[in-house]
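**Student:** what follows is a protein structure lacking sequence information:
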């Protein structure tokens, strides 16, 4: 006898597919459950069985050797219409299964016991079941164990669903934050254009670039997903590309950064450093309106990262004391950023040009 559809079949199928578990690879967490069910119930076959629209698919199985079978011969398709727990001592004595080819085979499936797998909304999506080729019964301990193991299956599925939903939500938040920051950056740029004070324009330009760089960070956070780490190389490459597009005149910025996976906070600080290095070089190194600023980053030691900045400016402003001392706000931001990463900074100015080297440290280099 072919099983009838569940009274709320569409909602039941939607609940099943919301777990996004169908056709996924085998996993030890679920394999261990069916192995334990088989041993406790002394049954040669144990299955985590999910009832799809036209098939029954096995997330885990022992004793079968297949991952799915047609729904027409499914014993569990009948069981999901019943109570929380179903035990059938002899399948050939049950009208629903007496003509089932799987039960009539030699040897056939003559014994069945299954505990329902229910979604949070109460829809049966499948069973954890054990089968034997001989009629028999379970003892009370075995029945209780099967019920408890079925709850563990659903705990695993529900936990994975929560994690997946959180990842989607975080990605959506990052997307919206990125868009909001881009809008704010556009307003800052408009204020910069309207200002008639050079210092104000310079400060607003710095702010606009930093806002855009943070917006890019949230884009990369969306890509990172559950990992929560930022691929620093691609992120800084994108940041440098943006900085290059905003500098005045024919001053260009080029970057080459070795990749390392870091925490978002660390990536944000390094991007701030890169932004300030480029801004300072463009403002204080170049008296002509053309040239190139070179930025690079590489791993050093175990958790260290070295950032270097140089340029090919032919004429420079005269500077006294420590190189870069007249930079003011930019130098303060650089020093504060380096301190946050427990690093050091050194700047030189000689006949070969103005250059800065910063060594910083990451908590979790990858």
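**Tutor:** Arrived safely. Computed from a predicted structure; not experimentally measured. Numbering: from 1, shown residues only.

**Student:** all helices for the chain, in order.
**Tutor:** Using DSSP state H, the helices of the chain run over 9-18, 28-40, 76-79, 101-104, 140-194, 198-224, 232-246, 264-284, 329-340.

**Student:** those: lowest mean pLDDT?
**Tutor:** Per-stretch mean pLDDT for these is lowest at helix 198-224 (a mean of 63).

**Student:** how many neighbours does residue 348 have?
**Tutor:** Neighbour count for residue 348, taken as other Cβ atoms under 10 Å: 13. C-beta coordinates here come from the backbone N, C-alpha and C atoms, glycine included.

**Student:** for it, give me the pLDDT.
**Tutor:** We have a pLDDT of 72 for residue 348.

**Student:** which residues does the residue lying closest to it once chain neighbours are set aside bridge with?
**Tutor:** Nearest residue to residue 348, sequence neighbours excluded (Cβ to Cβ, 6 or more residues apart in numbering): residue 355, at 5.5 Å. Legend: beta-bridge partners of residue 355 under DSSP bridges are residue 310, residue 348.

**Student:** so residue 355 makes contact with residue 312?
**Tutor:** No - the criterion here is Cβ atoms under 8 Å, and residue 355 misses it with residue 312 at 10.9 Å.

**Student:** one step back: the residue nearest to residue 348: neighbour count?
**Tutor:** Using other Cβ under 10 Å, residue 355 is surrounded by 18 other residues.

**Student:** which residues touch it?
**Tutor:** Going by Cβ atoms under 8 Å, 6 or more residues apart in numbering, residue 355 touches 308-311, 347-348.

**Student:** of those residues, grab the buried ones for ChimeraX.
**Tutor:** To isolate the buried members of these in ChimeraX, using 16 or more other Cβ atoms under 10 Å:
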select :308,309,310,311,347
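
**Student:** mind giving me a markdown table with the contacts of residue 355 and columns for distance to residue 32?
**Tutor:** Output for the contacts of residue 355, formatted as a markdown table (distance: Cβ to Cβ, whole Å):
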| residue | distance to residue 32 |
| --- | --- |
| 308 | 51 |
| 309 | 54 |
| 310 | 57 |
| 311 | 60 |
| 347 | 59 |
| 348 | 61 |
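
**Student:** list the buried residues of stretch 233-252.
**Tutor:** 233, 235-236, 238-240, 242-244, 247, 251.

**Student:** of the residues you listed, which is the nearest to residue 116?
**Tutor:** Checking the buried residues of stretch 233-252 against residue 116 by Cβ to Cβ gives residue 235 as the nearest, at 47.3 Å.

**Student:** pretty sure that closest one contacts residue 271?
**Tutor:** Yes - if you go by Cβ under 8 Å, residue 235 and residue 271 touch, sitting 6.9 Å apart.

**Student:** tell me the one of the buried residues of stretch 233-252 nearest residue 149?
**Tutor:** Taking Cβ to Cβ as the measure, residue 149 lies nearest residue 235 of those, at 44.6 Å.

**Student:** quick revisit: from residue 285, how far out is the residue nearest to residue 348?
**Tutor:** Residue 355 sits 10 Å away from residue 285 when distances are taken as Cβ to Cβ, to the nearest Å.

**Student:** how about residue 45?
**Tutor:** 76 Å.

**Student:** skipping its backbone neighbours, what lies nearest the residue sitting furthest away from the middle of the chain in space?
**Tutor:** Here the chain reaches farthest from its C-alpha mean at residue 93, the gap being 50.8 Å by Cα atoms, centre = their mean. Closest residue in space to residue 93, ignoring its immediate chain neighbours: residue 135 at 7.9 Å, by Cβ to Cβ, 6+ apart.

**Student:** any idea of the pLDDT on the one you found?
**Tutor:** As predicted, residue 135 sits at a pLDDT of 94.

**Student:** quick check: it touching residue 108?
**Tutor:** No - contact criterion Cβ under 8 Å: residue 135 and residue 108 do not qualify, at 10.6 Å.

**Student:** and the two? Which one has more around it.
**Tutor:** Between residue 135 and residue 108, counted using other Cβ under 10 Å, the more crowded position is residue 108 (17 against 13).

**Student:** might you report the residue contacts of that one?
**Tutor:** Taking Cβ under 8 Å, 6+ apart as the contact definition, residue 108 lies against 91-92, 102, 133.

**Student:** for the longest strand seen in the chain, packing partners?
**Tutor:** For the chain, the longest strand by residue count, based on DSSP state E, is strand 290-300. Contacts defined by 3 or more Cβ pairs under 8 Å, 6 or more residues apart in numbering; DSSP states H and E place strand 290-300 against helix 232-246, strand 250-257, helix 264-284, strand 304-311.
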